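Asker: structural data only, the sequence is not supplied:
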């Protein structure tokens, strides 16, 4: 028997006064009166514990707002966009000028089954984050892969501003060569201004350092414009983390679109996503501003525009071919150097300083020296 039944029995069946019962059991007389009245009105059911939940909750999220939260979530999911609680809050803030707390939106999504519990992730405090202080202070660039409707693999080149996360360029091609990358950079710089620095991985289109082929086209362009060019540590994609994360966001959106059967169709999709990403998508790392808003909020960094004084040197062992020629790559373009058929099969050393080339035998005899003409594939022997 609970306290309520004991109180009612003392008053109703024993005939004791309500004041005496309240005094004996250490409760208020008002509570004794309430229990007795409930029993007389409802019987034993009236003595059961009742919810203390208030009849009305002024701070409860209105049903129409909950419905709007779910509608935004569904729309973003269908489009393949970021659809977390913070993103939904940003959309509501722009739409109405106010929004429920992110924790409230997260609770609503969880209650409706839109949030799947995940294992605890590495705490954000354990990461060492870097962000450029100004727009155009640093651009990150990388190439990723995508498949057309027929399964054909193509490549997508993305360039991201490190400070604002603005997508500077997003271009697709069957395969990117060094000259294509250089052309994309030139177009991006013409549209957005030249960056002070560029960061990329060690792919063959970004550097010739590990292949002994000299500088590739982008390296030459950046050097001539006084733009610093840095490369990530080999097998360490975290260095280019922002552009790598952009790849993931972009591919998530592409996966929710109809697969394009052509490069032209894919480029239209990339342009559509780029417009949404730059101008409409609230970015978590930017305080829910769009990348374009963050890009426009500060003055832009600029390069020195003084050509970097880092002459390029190479020493290469080679053998003169049967037609009396050697090959040498400059700015990702292959050039043929005429030496003479009488020297075919001769092992030689090729000594290169920028455009100045010397060809000697292994015992030091000079066979030819020239200034390479980058506009010509074949460098003929001088007329005697």
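Answerer: Received, thanks. Remember, predicted model here, so these are calculated numbers, not experimental data.
Asker: over to the most centrally placed residue in the chain. Which of the three states is it?
Answerer: Nearest to the geometric centre of the chain sits residue 246, at 2.4 Å (CA atoms, centre = their mean). Look at residue 246: counting by DSSP: H, G, I helix; E, B strand; the rest coil, its state is helix.
Asker: any idea how far residue 231 is from it?
Answerer: As for residue 246, its distance to residue 231 is 18 Å (criterion: CB to CB, to the nearest Å). The C-beta positions use only the backbone N, C-alpha and C, and glycine is treated the same way.
Asker: and the contacts of the helix or strand of the chain with the lowest mean pLDDT?
Answerer: When the helices and strands of the chain are scored by mean pLDDT, DSSP states H and E, strand 313-319 comes last with a mean of 78. With contact meaning CB atoms under 8 Å, 6 or more residues apart in numbering, strand 313-319 is reached by 212, 214, 326-328, 345-353.
Asker: show me the residues you listed that map onto strands.
Answerer: 326-328, 347-353 (DSSP state E).
Asker: just confirm residue 61 contacts residue 101, I think it does.
Answerer: No. Residue 61 lies out of contact with residue 101 (CB atoms under 8 Å); the separation is 9.5 Å.
Asker: looking at the two now, which is surrounded by more residues?
Answerer: In this comparison of residue 61 against residue 101, neighbours counted by other CB atoms under 10 Å, the higher total goes to residue 61 at 15 against 11.
Asker: which residue, other than its chain neighbours, is closest to the more buried one?
Answerer: Excluding the flanking residues, the one nearest residue 61 by CB to CB, 6 or more residues apart in numbering is residue 100, at 5.4 Å.
Asker: how would you label that neighbour: helix, strand or coil?
Answerer: What three-state DSSP gives for residue 100 is coil.
Asker: need the pLDDT of it.
Answerer: We have a pLDDT of 88 for residue 100.
Asker: and for it, the neighbour number?
Answerer: So residue 100, with other CB under 10 Å, has 20 neighbours.
Asker: quick one: it from residue 365, how far?
Answerer: 83 Å.
Asker: so which bits of the strand or helix carrying residue 191 are buried?
Answerer: Taking DSSP states H and E as the definition, one finds residue 191 inside helix 178-192. The neighbour-count check on helix 178-192 (16 or more other CB atoms under 10 Å) flags 178, 180-185, 188-189, 192 as buried.
Asker: by contact count, what packs against that helix?
Answerer: strand 139-147, strand 153-161, strand 167-173, helix 217-225 (3 or more CB pairs under 8 Å, 6 or more residues apart in numbering; DSSP states H and E).
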